[in-house]
Structures are given as structure tokens and as C-alpha cells.
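Chemist: no sequence for this one, just the structure:
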């Protein structure tokens, strides 16, 4: 009588075993970065699985290292790899890639640690601490943080000058008020000897979402890939890059001066979702994440054309500039982002399909491998993919990410949307908690976020999407969760923030900004010249540290300006100290 029970138990065990084998690694990797080891193996920094994964060139897994948080970047030097990861705390880990695969050190840098760069002599690692707003210098042997310097806003990528004396750092978003004539992000320059910031090179008007940065092989130029928002005009059409274009800015590395920017788009086809950029002596290569292709540009001809261009101030509008010197090459998979270039071969993983493309730049031959073939996507995963997909836009000019970069957040710019008239631009809002805090838009014109999603595709992307796609995007936006504030100290309010909380209560801020999301979800008339009779929608204060500038038209560059200069919600007088403390508290939420 015991044998049937044994057989049933054995069958159940086999089903469990087969199920676990079949669904191994079904979770998307979401590869954030890639590097090549000294022996030619491939390193993938996987955000989705919080690991550094090493494959051989045939795609066979060799080893993986677990990380404390989602992976954000990786770089190699000799027999070592340096990988960054971050959530509430940013870390840098060094591993041996050639012998015993040991972890050599693990050190804390700053929140948002990403984009590690190795000094030319291999003795230092430079780490961008995106949400702390700093760059760290780390000893490559011991992991000791040697020095740290403040830059501007969300440093997210960096490159060294040819002589190794200067570090150029991308600041992801503009750091300024938005209601002025020139709104743009900047590239910070750090002197590596003194480790002090020496300059901020502002890019052309509308530059935001700075992604990739690279130094030319001859050391003469620095190239930056980024979005270029045409925020000065109503969002009434898309043709000819009317709303967003995708650009490469050029800096003269000898003079440390901005030269100009050229678009990657064509007159009738955008290159939505511009991402990474790499360069050798023959090619400048740019990944276009939203259109799932790469631009391979003839580098010598590019420089010749740049040097002969008559009016560089108008270059960023010239959609014919790359004609005849650039090839757009479709890749396998969805969402090409960061890439590595070695020996004339481009190594390019796709963020939304876990497919590696290896491209011979001369022959433009492509070899592909699926390095996570069991990948299964949830509705949230599909929604994030659609949110970033410029194929869901007329002529591929942009995706939802175009105005809401950084995982559905804001771009720091004012946009004149057509839903409430013309000539009244409003500051871009983060999508965080959009579903949880109706109504939507600054004017509250959309009753809920689902309506805003569908209106966005119809009137911003000029595209009718299937309802299933819109529903998936709903699920993605619903899933967004705030990062812990970098203003917190060990996860708690600082003394200054506690002082600010008392000011918050004294001023009665909770009358409008209350509850779990710090909003009463109502409209209020505050101040003068309120455009709508019902007033403005009350935004959540959660993660407000990440959404500058502030107020309906971005007139306040900082939260301190909101309270001290513009006196938003302030009764009577407020001292500088109280305004600073109040800003500290609100930025800690």
C-alpha cells in the first residue's frame, strides 16, 4: 500500500523540479550596463536581478556576483571589474574576473552610485552618485573613498579627457527655474588633481535627459547624447522635430567650450530614446533605445562636416546634417541602451528583451544571443517597455520617456500642452502616484491617470494604441514607488528636518498637503494670477526632492525658493532659517 504513495510523491517532486527548471531566470534581467573582461568575456550589470553576470562569447554563464541593490554600472581594468549598485545607499564593488572570482572590496559611496570610470593609471575609480549630486574618487586597490565633489543635478555618466587630467560629468537634468528663455542641463568639469569642479558647460536650449558621454579617440572632442525639448512652442504637432528631437552635443576638449549640437533624427523619422554613445577613430556610435537601432557615423567625415558648418548656432535644427555619413542599423530585441566598443566590435544588450547584439562596425554584420531565454514579462514589464517605445509614436520622435525620463519622473521643463489652451505652459509633473492621487495634470483637467495616459498617446504621441498597451502602461505607472530621500540620515529625519516639521505644522501646510501622499487631492487658489477659477491641483510632496523646479510654471528653482522667495502657503513672515528648515523637511518626504 505504500508504493502508490511513494509514486505520487515522486511525481510531485518531478513536477516541482521540471517547473523550477523550465522557469529558471524568468525574471527580466534589465541589463543596465555592459563591459568586456581582459580575457574577452562579457559582463552584464543586471538591474532586474541585482547581480553582475559573466558570460563567455557563446553566451554560456560563467559566474555571477550578487549585489546589495539593483546594478547601475560596470567597468573593467586589467583582471578586475568595478560594479556599482544603489537603492537607499550606493555602493561600489570590485571583483576578480580572471582567477578565483573573489570579491575584492565593497564600499559605500553615495545614493545613486552609477557609471564607474577608471583613471588612466588604474589607481582611481570615479563614481557618479546620482541622487546625492556628487562624484566620488575611490582608491582602486582598497575601496577607500578618497575625495568627493559636488556637481549639479543627478550626475549619471562621465568620461575622462585624453590626458586623464579632467573628468567630464553629465548632469541628467537642468538645475534652474523653468520660466526663463534658456533651460538646459550642463556638463560639469572636474580637475582630477585637485578634485574640484572647475566649470559647468551648459548645453543648447532644451537639452535634458543627458545619457551617454564619450571622449573622441584623438582627445579633441567630448560627445554627449541627450534629448532636446522644443518646449518654446505648443505641443500641436510632431513633424520636423516640433516637440522633441534627439541630439549629440559637442564640446571642444582643448578649449573646454561648447561647440554645438546636431540631431540624430531624419526629416520624416525620429530617433526617439537616444541613449549611449561610444567612439573610436573611425566611428561614432549612438544607441537609440526607443527606435531599437543604432546610428553608425563615419567619424572623420563627421568632424570634417562640423568644421565646415557655417552657423553652428542653427545646427541643432538641421535634420539633414548626417545625411550620407550615417547608417541606421536595426538590432535584435527591444531597448538598446548602454554598450561597449572593443576592437571594431560593438557589444549591445537590449534592456527589454535580454538579447545581446555583437556588431562588426565595418561589415555591419550582427551576431545575436538571447542570454535570458526564459524571460517572462508581467503587465508591469510590458507597460514599462511601451512607456519607453518610440515605435508607439508618429514618425518615432519620442516616447512617454521623452518628457518623463528617469523612470516616469519629470524633465524639469515647462510644456504648453493643448488640453487647457495655448500660451500657458506648465511645469512637467512626475508620474509617481499619478493613479493614487487624482485628479491629474496641474489644472486637474483629467479625472484620473488612465484618461491622461490615453490622451497622451493621442495628443502627444499622435498615435492610437491598442487598449491592452494602454492598460499595461497604467499598470507600470501604478507600480512606481518613491526612492528614499537622500536628505534622510540613516533613514530618519535630520535635526534640521525635524525643526522644519515644526514649521510645517505651525504654517498649517497640512491643510492641503496631508495624508499618506501629502495631498488632499483637491484644487486650491493660492497666490495671485491663478489661471483657473478652481485653482491648481494639489501635488503630492512624496519624492519632491526629485522634481525641481517648483510651482505651476517652474518659477521656483528650489524648495527654499518656494517658501522664502515666493512665500507659497506662508502666513505672515518667515525667517531664512525657518524657510531652510521647512525645505529640508519637505525634501525629506
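Modeler: All right, it came through fine. If you're wondering where the values come from, they're calculated on a predicted model, not measured in any experiment.
Chemist: over to residue 443: give its phi and psi.
Modeler: Torsion angles at residue 443 (phi, psi; degrees, to the nearest 10) stand at phi -80, psi -10.
Chemist: residue 427 versus that one, what's the distance?
Modeler: Taking Cβ to Cβ, to the nearest Å as the measure, residue 443 falls 12 Å from residue 427. C-beta here means a position set from N, CA and C on the backbone, and glycine is covered the same way.
Chemist: and residue 327, by the same measure?
Modeler: Using Cβ to Cβ, residue 327 is found at 39 Å from residue 427.
Chemist: neighbour count winner among the two?
Modeler: Neighbour totals were compared for residue 327 and residue 427, and residue 427 leads with 25 against 14 (other Cβ atoms under 10 Å).
Chemist: first vs last residue of stretch 117-137, how far apart are they?
Modeler: Its first and final residues considered, stretch 117-137 spans 10 Å by Cα to Cα, to the nearest Å.
Chemist: and stretch 311-330, by the same measure?
Modeler: Stretch 311-330 has an end-to-end distance of 32 Å (criterion: Cα to Cα).
Chemist: that one: how far from the chain's middle?
Modeler: The chain centre lies 24 Å from the centre of stretch 311-330; the measure is Cα atoms, centre = their mean, to the nearest Å.
Chemist: what of stretch 334-347?
Modeler: 18 Å.
Chemist: list the buried residues in it.
Modeler: Buried positions in stretch 334-347, judged by neighbour count with 16 or more other Cβ atoms under 10 Å: 334-341, 345-347.
Chemist: just the residues you listed: which are in strands?
Modeler: Using DSSP state E, the subset of the buried residues of stretch 334-347 located in strands is 340-341, 345-347.
Chemist: quick one, helices of the protein?
Modeler: Along the chain, the segments classed as helices by DSSP state H run 2-22, 299-307, 379-387, 405-408, 449-459, 467-479, 495-506, 559-564, 576-587.
Chemist: okay if I get the buried residues of stretch 334-347 as CSV plus pLDDT and distance to residue 309?
Modeler: CSV is the format used below for those (pLDDT from 0 to 100; distance: Cβ to Cβ, whole Å):
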residue, pLDDT, distance to residue 309
334, 98, 35
335, 98, 32
336, 98, 28
337, 98, 29
338, 98, 29
339, 98, 27
340, 97, 30
341, 94, 26
345, 96, 31
346, 97, 27
347, 98, 32
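Chemist: kindly state the pLDDT recorded for the spatially most central residue of the chain?
Modeler: Residue closest to the mean C-alpha point of the chain, counted by Cα atoms, centre = their mean, is residue 406 at 4.0 Å. Looking at residue 406, its pLDDT stands at 92.
Chemist: now residue 578, nearest residue through space, not along the chain?
Modeler: Excluding its sequence neighbours, the residue lying closest to residue 578 (Cβ to Cβ, 6 or more residues apart in numbering) is residue 503, at 4.8 Å.
Chemist: hmm, back to that, ok, the buried residues of stretch 334-347 vs residue 299, which is closest?
Modeler: Top of the list for closeness to residue 299, among the buried residues of stretch 334-347 and by Cβ to Cβ, is residue 341 at 11.8 Å.
Chemist: surely that closest one meets residue 280?
Modeler: Yes - counting by Cβ atoms under 8 Å, residue 341 does reach residue 280; the two are 6.1 Å apart.
Chemist: residue contacts, the closest residue to residue 319 other than its chain neighbours?
Modeler: Spatially, and ignoring its direct neighbours in sequence, residue 319 is nearest to residue 267 (4.6 Å; Cβ to Cβ, 6+ apart). When contacts are counted by Cβ atoms under 8 Å, 6 or more residues apart in numbering, residue 267 touches 240, 319-320.
Chemist: of those, select the buried ones using a ChimeraX command.
Modeler: A single ChimeraX command selects the buried members of those (16+ other Cβ under 10 Å):
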select :240,319
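Chemist: any chance of the contacts of residue 267 in TSV, plus pLDDT and distance to residue 148?
Modeler: Formatted as TSV, the contacts of residue 267 follow (pLDDT from 0 to 100; distance: Cβ to Cβ, whole Å):
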residue	pLDDT	distance to residue 148
240	91	44
319	97	42
320	97	44
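Chemist: could the contacts of residue 267 go into TSV alongside distance to residue 583?
Modeler: Output for the contacts of residue 267, formatted as TSV (distance: Cβ to Cβ, whole Å):
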residue	distance to residue 583
240	41
319	42
320	47
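Chemist: nearest to residue 111 among the contacts of residue 267?
Modeler: So of the contacts of residue 267, ranked by how close each gets to residue 111 (Cβ to Cβ), first place is residue 319, at 39.0 Å.
Chemist: hmm, the closest one is touching residue 240, no?
Modeler: Yes - counting by Cβ under 8 Å, residue 319 touches residue 240, with 6.7 Å between them.
Chemist: okay, now residue 314: neighbour count?
Modeler: Residue 314 has 10 nearby residues by other Cβ under 10 Å.
Chemist: now it: how far from residue 262?
Modeler: From residue 314 to residue 262 the distance is 11 Å (Cβ to Cβ).
Chemist: now residue 456
Modeler: 28 Å.
Chemist: give me the more crowded residue out of the two.
Modeler: Under the neighbour definition other Cβ under 10 Å, residue 456 and residue 262 were set side by side, and residue 262 has more, 25 against 21.
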